[in-house]
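Student: here is a sequence together with a model predicted from it:
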Amino acid sequence: MKRLNLEHRITDDGEHHLVLSLPDGPYTMRASDIEVLVQTLAEYREVMLPPVTMEAPSGPRAAVLDPRCSLVREPMINGCGMHLRHPGLGWISFGLPHRSLVELCSITSRLLGEQQDERQAEVPIK
């Protein structure tokens, strides 16, 4: 597959556009167009094979530091909706049933405990 020919342009009035050059010529997109494109691509990717791996990636990864997060109770799944803001992808939403919340709480508690243990180990004894 050839690499997409994309060009990020900012107009004189500060509006951002992404220009995708196609064989029949360029197509200029606004931020809202890109959001629709990303959502559409994600919907297609969801049904493509091979599926996205169930294993979390290992090693260094580009990550959003301290993303905005919202949790709301979701009685229909006996859990919550978790919404994370990615500056490029927008708000990504997940439905976490009770068992997933328990697992997330357990993992978070373990990590917080490890951090607390490390901090206590760093405190000099007087």
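Tutor: Cool, the structure landed. Numbering: from 1, shown residues only.

Student: show me what contacts the most centrally placed residue in the chain?
Tutor: Nearest residue to the geometric centre of the chain (Cα atoms, centre = their mean): His86, 5.1 Å. The contact partners of His86, taken as Cβ atoms under 8 Å, 6 or more residues apart in numbering, are Val64, Pro67, Ile92. All C-beta atoms are positioned from the backbone trio N, CA, C, and that covers glycine.

Student: the second one contacts Gly88, doesn't it?
Tutor: What it means is Pro67. No: if you go by Cβ atoms under 8 Å, Pro67 and Gly88 don't touch, sitting 11.3 Å apart.

Student: need the pLDDT of the residue nearest to the centre of the chain.
Tutor: Among the per-residue scores, His86 shows a pLDDT of 96.

Student: and the one 3 residues further on, by the same measure?
Tutor: Predicted confidence (pLDDT) at Leu89: the value is 92.

Student: backbone dihedrals for it, both of them.
Tutor: With angles defined as degrees, to the nearest 10, Leu89 sits at phi -100, psi -10.

Student: helices or strands next to the helix or strand harbouring Gln115 in the packing?
Tutor: For Gln115, the host element (DSSP states H and E) is helix 98-122. Using 3 or more Cβ pairs under 8 Å, 6 or more residues apart in numbering; DSSP states H and E as the contact test, the elements touching helix 98-122 are strand 79-86.
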